[in-house]
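In: Provided below are the primary sequence and the corresponding predicted coordinates.
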Amino acid sequence: MKWTTGLVVAAMLGFSALTGCSSGSGGQDGGASAGAATAPAPAAGGGTFAVITHAGSGDAFWDVVKNGAEAAGRQYGATVSYQGDGDPARQSQLIDQAVSQKVDGIVVSMANPDALKEAVGKAVAAKIPVITINSGGDRSREFGAITHVGQSEDVAGRGAGEKLKAEGVTKLLCVIHEAGNVGLDQRCNGATEGLGAAVERLQVDVGNLADATSKIKARLQSDTSVNGVLTLNPAVAVAARDAIADGGSKAKLGTFDLSADVVTAIKDDEILFAVDQQQYLQGWLPITFLTLYKNNLNTVGGGLPVNTGPGFVTKDNAEQVAKLAESGTR
């Protein structure tokens with residue numbers, strides 16, 4: 001993350017003041033000589049930006065993304081609207097609405113890229129800058145987005161698999177909670193590579209956590225050789241924790257993403273780790289980048305994604321993260 005931070009700091013310094021260099025000759029102290037022209041700083045603030053994600057209301061993970069986007073809007077004096085819908089057709093309609101409203105920029109998560117291709121294409125054709133976040137990073141440039149903000153799901157999954165392997169896991173259950181979400185498949189693929197052993201996938205419904213608990217419990221009881229579980233959502237992680245306890249399984253549990261319950265479970269040795277993609281940055285950075293683009297035509301990333309993770313929350317740092325999560329930033 002150091003290079004990302006450096007880009008943001010450098011960009012913001014240029015954004016706030018571009019008048020520090022002299023255009024005159026002979027000024028050894030770096031100051032502008034009398035009457036020398038100085039470059040005007042780009043106009044600060046303003047702008048109307050739409051954030052449109054694939055999440056429904058009440059999702060703790062996406063609430064933090066929303067917090068980041070709205071905080072950046074307040075900082076830059078921009079108007080930020082946040083909407084989410086798990087139905088790709090409805091998400092496309094929300095993008096179309098933002099285009100018709102002639103917003104200054106659109107932030108969109110692409111869990112199902114093909115379903116959003118036409119709507120994103122309309123935004124790009126209307127010369128509205130688009131930044132993709134969280135999912136669909138491998139299609140972002142193809143669709144004409146100016147950058148992608150998120151984590152490499154393959155890399156994150158590989159890291160999770162390696163951690164579980166180090167804990168002695170030899171057969172893993174990878175629990176998928178959203179059908180058709182390409183990022184979740186990439187996480188399981190990465191985990192398979194990192195573990196170097198058998199990984200079985202189990203589909204559950206994040207909207208029915210009681211049923212998810214039952215399905216995970218039944219799978220662990222039917223195959224006692226499964227000694228590891230990887231969930232890809234914090235609510236499903238809690239369901240898996242309960243399934244392991246209720247079924248008397250000794251399976252080790254890791255998860256993606258954070259919630260207060262997950263952090264507590266890590267502190268209590270019920271969950272080994274959480275892969276942290278720092279979703280607050282997935283809200284804050286795109287609004288920052290769009291503001292810079294609007295006011296100074298800056299682009300960030302050089303055609304490559306801006307990574308917000310993966311990091312790992314373990315028992316060693318869970319207490320610190322828990323305090324930050326209370327403010328809605330982790």
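Out: On my side now, so go ahead.
In: and the host helix or strand of Gln320, what does it pack against?
Out: In this assignment (DSSP states H and E), Gln320 forms part of helix 318-325. Helices and strands touching helix 318-325, as assessed by 3 or more CB pairs under 8 Å, 6 or more residues apart in numbering; DSSP states H and E, comprise helix 260-267. The C-beta positions use only the backbone N, C-alpha and C, and glycine is treated the same way.
In: and for whichever helix or strand comes after the helix it packs on, what's in contact with it?
Out: Past helix 260-267, heading to the C-terminal end, the next element that is a helix or strand (DSSP H and E) is strand 273-276. With contact meaning CB atoms under 8 Å, 6 or more residues apart in numbering, strand 273-276 is reached by 156, 159-160, 163, 234, 237, 254-258, 262-263, 266, 309-314, 321, 330.
In: just how off-centre is strand 273-276 within its chain?
Out: Between the centre of strand 273-276 and the centre of its host chain there is 13 Å, according to CA atoms, centre = their mean, to the nearest Å.
In: can you check stretch 269-277 too?
Out: 16 Å.
In: ditto for stretch 247-260
Out: From the chain centre to the centre of stretch 247-260 is a distance of 21 Å (CA atoms, centre = their mean).
In: now do the strands in the protein.
Out: 48-53, 79-84, 105-109, 130-133, 147-151, 171-176, 198-203, 228-231, 252-256, 273-276, 306-309, 311-313 (DSSP state E).
In: could I get these as a markdown table with mean neighbour count, mean pLDDT and distance to Leu116?
Out: Formatted as a markdown table, the strands of the chain follow (neighbours: other CB atoms under 10 Å; pLDDT from 0 to 100; distance: least, CB to CB, whole Å):
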| stretch | mean neighbour count | mean pLDDT | distance to Leu116 |
| --- | --- | --- | --- |
| strand 48-53 | 25 | 98 | 9 |
| strand 79-84 | 19 | 97 | 13 |
| strand 105-109 | 27 | 98 | 7 |
| strand 130-133 | 28 | 98 | 9 |
| strand 147-151 | 27 | 96 | 13 |
| strand 171-176 | 24 | 98 | 20 |
| strand 198-203 | 16 | 95 | 22 |
| strand 228-231 | 28 | 98 | 26 |
| strand 252-256 | 26 | 98 | 22 |
| strand 273-276 | 24 | 96 | 25 |
| strand 306-309 | 22 | 94 | 20 |
| strand 311-313 | 19 | 95 | 28 |
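In: any chance of the ones you listed in JSON lines, plus distance to Asn298?
Out: Output for the strands of the chain, formatted as JSON lines (distance: least, CB to CB, whole Å):
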{"stretch": "strand 48-53", "distance to Asn298": "15"}
{"stretch": "strand 79-84", "distance to Asn298": "19"}
{"stretch": "strand 105-109", "distance to Asn298": "12"}
{"stretch": "strand 130-133", "distance to Asn298": "12"}
{"stretch": "strand 147-151", "distance to Asn298": "11"}
{"stretch": "strand 171-176", "distance to Asn298": "37"}
{"stretch": "strand 198-203", "distance to Asn298": "41"}
{"stretch": "strand 228-231", "distance to Asn298": "38"}
{"stretch": "strand 252-256", "distance to Asn298": "31"}
{"stretch": "strand 273-276", "distance to Asn298": "27"}
{"stretch": "strand 306-309", "distance to Asn298": "13"}
{"stretch": "strand 311-313", "distance to Asn298": "26"}
